[in-house]
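**Student:** Kindly generate the corresponding structure for this input.
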Amino acid sequence: MKIIRACIYPKDIQCITGRSERYSRRLLNEIRAHFDKQPYQFITHQEFSEYTGIDIEIIKDYLKQVS
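**Tutor:** I've put the predicted structure just below:
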């Protein structure tokens, strides 16, 4: 059984949304602010899904493909 990564990186956001790296970094910072996290804390795929409204299964499928 493959383990799915728990955190989301800017490159993942680029591939999922088709947007630029700069947008992806900005979005991660917005998500951190929304969930009241520190800059060094990671964003989970669940938090990303909740904030963006993208179905969590789509995100999990993507993370399974790249792992």
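
**Student:** Just the buried positions in the longest helix anywhere in the chain, please.
**Tutor:** Scanning the chain for the longest helix, with DSSP state H as the assignment, gives helix 21-34. By 16 or more other C-beta atoms under 10 Å, the buried positions in helix 21-34 come out as 24, 27-28, 31-32. (Glycine included, C-beta is placed from N, CA and C.)

**Student:** Now the spatially closest residue to residue 56 that is not a sequence neighbour: which helix or strand?
**Tutor:** Residue nearest to residue 56 in three dimensions, not counting chain neighbours: residue 49, with 4.1 Å by C-beta to C-beta, 6 or more residues apart in numbering. Assessed by DSSP states H and E, residue 49 sits inside helix 45-52.

**Student:** List the contacts of that helix.
**Tutor:** 4-8, 13, 17, 27, 30-31, 34-35, 54-56, 59-60, 63 (C-beta atoms under 8 Å, 6 or more residues apart in numbering).

**Student:** what pLDDT, on average, does the longest helix of the chain get?
**Tutor:** Per-region confidence: helix 21-34 scores 97 on mean pLDDT.

**Student:** and if you look at stretch 52-63?
**Tutor:** Mean per-residue pLDDT for stretch 52-63: 94.

**Student:** Quick check: buried residues in it?
**Tutor:** Quick answer for stretch 52-63 (16+ other C-beta under 10 Å): 54, 59, 62-63.

**Student:** Alpha carbons of that stretch, in PDB - could you do that?
**Tutor:** Extracted C-alpha coordinates of stretch 52-63, given in PDB (Å, rounded to 0.1, in the frame of the first residue of the first chain):
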ATOM      1  CA  THR A  52     -10.400  25.900  -2.500                       C
ATOM      2  CA  GLY A  53     -13.500  23.800  -2.700                       C
ATOM      3  CA  ILE A  54     -11.700  21.200  -4.900                       C
ATOM      4  CA  ASP A  55     -13.000  17.700  -4.100                       C
ATOM      5  CA  ILE A  56     -10.500  15.900  -1.800                       C
ATOM      6  CA  GLU A  57     -10.700  12.700  -4.000                       C
ATOM      7  CA  ILE A  58      -9.200  14.700  -6.900                       C
ATOM      8  CA  ILE A  59      -6.400  15.900  -4.700                       C
ATOM      9  CA  LYS A  60      -5.800  12.400  -3.300                       C
ATOM     10  CA  ASP A  61      -5.800  10.900  -6.900                       C
ATOM     11  CA  TYR A  62      -3.200  13.400  -7.900                       C
ATOM     12  CA  LEU A  63      -1.000  12.800  -4.900                       C
END
